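Trainee: when you get a sec, could you give me coordinates for this:
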Amino acid sequence: MFLLNKNIIVVFMLSFFVNTLNANNNECRQNCLKLDIKSNFKHSASIYNDNPEFFWKLLNEMKEKAYSANSQNEINQFMKLLQINNPPAEVEEFLSEGLETLCAEKPVLFKEAMRLLDINLRAKLNKILDQPLFREEKELETCRYQDSND
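Mentor: This next block holds a predicted model:
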């Protein structure tokens, strides 16, 4: 009887360990995919094509974190999605909408987050702010970043 109980405990512990590993593996996979999406769309194109629901889930999670941010870090992480090379038009529109909304609704944090970007990403972001798709230009004027004012 004791041996049977011991086996049940071992099986339970192993199952808990495997479930923990799977959860950690899924979290690691999501974090790695977020990095891959930011670094180069060519690599993340397979995610976009093979599992679009997952791709958009990741992007929307990053946008929602930025929208609810109380510091510039989450906003900066969302801004870094501008590193995606040659994204499809729907991804460009998604980024424009998110960035324009952040600028209009959280201008101070937006500007602080923008200051953390390298000069190339700031230029891309300024271009979005110069030619908004979803907001009026006047709403976005305060967020433009002038590199000469560093």
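
Trainee: how about the nearest residue to A66, chain neighbours excluded?
Mentor: F78 (3.8 Å; CB to CB, 6 or more residues apart in numbering). Any C-beta I mention is one placed from the backbone N, CA and C, and that applies to glycine too.

Trainee: can I assume the one you found is in contact with E61?
Mentor: No. Using CB atoms under 8 Å, F78 is not in contact with E61; the gap is 10.1 Å.

Trainee: so those two - more neighbours on which side?
Mentor: Neighbours were counted for F78 and for E61 using other CB atoms under 10 Å; F78 has more, 23 against 12.

Trainee: please, which helix or strand holds that one?
Mentor: Using DSSP states H and E, F78 maps to helix 72-79.

Trainee: in that helix, what's buried?
Mentor: By neighbour count on 16 or more other CB atoms under 10 Å, the buried set for helix 72-79 is 72, 74-79.

Trainee: can I get it as PDB, trimmed to CA atoms?
Mentor: What follows is helix 72-79, C-alpha atoms only, in PDB (Å, rounded to 0.1, in the frame of the first residue of the first chain):
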ATOM      1  CA  GLN A  72       8.200  54.800 -20.600                       C
ATOM      2  CA  ASN A  73       9.600  51.200 -20.700                       C
ATOM      3  CA  GLU A  74       6.500  49.400 -22.100                       C
ATOM      4  CA  ILE A  75       5.900  52.300 -24.500                       C
ATOM      5  CA  ASN A  76       9.500  52.000 -25.600                       C
ATOM      6  CA  GLN A  77       9.200  48.300 -26.200                       C
ATOM      7  CA  PHE A  78       6.100  48.900 -28.400                       C
ATOM      8  CA  MET A  79       8.100  51.600 -30.200                       C
END
